[in-house]
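Q: Kindly generate the corresponding structure for this input.
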Amino acid sequence: MKLQILGCHGGELPACRTTCFLVDDVLALDAGALTSTLSLEQLCQVDDIIVGHSHFDHVKDLPLMADLIIGRRDKPVTIHASRECARALRENMFNNALWPDFTRIPTRKEPVLRIKAFRAGSTFQVGPYTVQSVPVHHPVESCGFVITRGRSSLAMSGDTGPTDKLWKVLNQTPTLKALLIETSFPNALQQLADVSGHLTPRTLQSELEKFERDEGTSVLLYHLKPAFVQQVKKEVANMPVEVLELGDTFEF
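A: Numbers count the residues shown, from 1 in each chain. Purely as a prediction, here's the structure:
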């Protein structure tokens, strides 16, 4: 699998983009930076988007993408979302008030977008990828994912505070090549991280103690809040992790 880092921050500034990863040019994980990084031709190649939860920084490019690709594809882009997230997208985004309902435009039979709901905790197929969803800890229903193609698996934590379910699944995934895990706030904002369902370097360290990590499995940090990027980097400097940067690419 080829992994491109389009967005890896928990907010947006000129040098920061919200969460968005691209797998093999056709599968997006979250939609925080699709339209700000991909050309129109590249956007039209994206067939599926898996979103971890409904918060704005993870879904914000869905409506703009729909507007850009209308009339340029012969099949809808499928948005895979948990039931709660799917409901939020239908009721609060594509509701003909905030944005037109592109799940019925230009026609209900042949729309630009299709929202396909999954049960949090279920496993489903997206093209050649087997996707295992894992409920994690966040104020709204949020999922991490293990995405497997052939003998390679890639995991993404989603937005989460401390959790056990994710680690249980990861420890049962012998094909895991890389884990993308959120770390949003510095240690000084631990209380804020706890109430908002996020990790700090301190809680990340505790979480990694649950991980039966194979040698060679990369642990890649994302969702650093732009105001605290440098502080978080200092606090993880001695940990066996790597902080993702915009434009990074990996092959697994």
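
Q: Look at L154 and report its pLDDT.
A: pLDDT for L154: 98.

Q: What of the one 3 residues further on?
A: According to the prediction, S157 has pLDDT 98.

Q: what's near enough to touch it?
A: V136, G144, L166, L179, L180, I181, E182 (CB atoms under 8 Å, 6 or more residues apart in numbering). Glycine gets a C-beta too; all of them are placed from N, C-alpha and C.

Q: can you tell me which of those residues are in strands?
A: G144, L179, L180, I181, E182 (DSSP state E).

Q: rewinding a little: between the contacts of S157, which is nearest I70?
A: Ranked by distance to I70 (CB to CB), those are led by L180 at 30.8 Å.

Q: hey, what's the closest one bridged with?
A: Partner residues in beta bridges with L180, using DSSP bridges, are M156, L220.

Q: any idea how far it lies from E110?
A: Distance from L180 to E110, counting by CB to CB, to the nearest Å: 34 Å.

Q: Just the buried residues from the ones in strands among the contacts of S157, in ChimeraX please.
A: In ChimeraX, a selection of the buried entries from the ones in strands among the contacts of S157 looks like this (16 or more other CB atoms under 10 Å):
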select :144,179,180,181,182
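
Q: so how far is K60 from A193?
A: The gap separating A193 from K60 is 22 Å, by CB to CB.

Q: what do you get for Q190?
A: Taking CB to CB, one finds Q190 at 27 Å from K60.

Q: Kindly report the same for D101.
A: Distance of D101 to K60, computed by CB to CB: 17 Å.

Q: and if you look at R202?
A: Remark: distance between R202 and K60 (CB to CB) = 29 Å.
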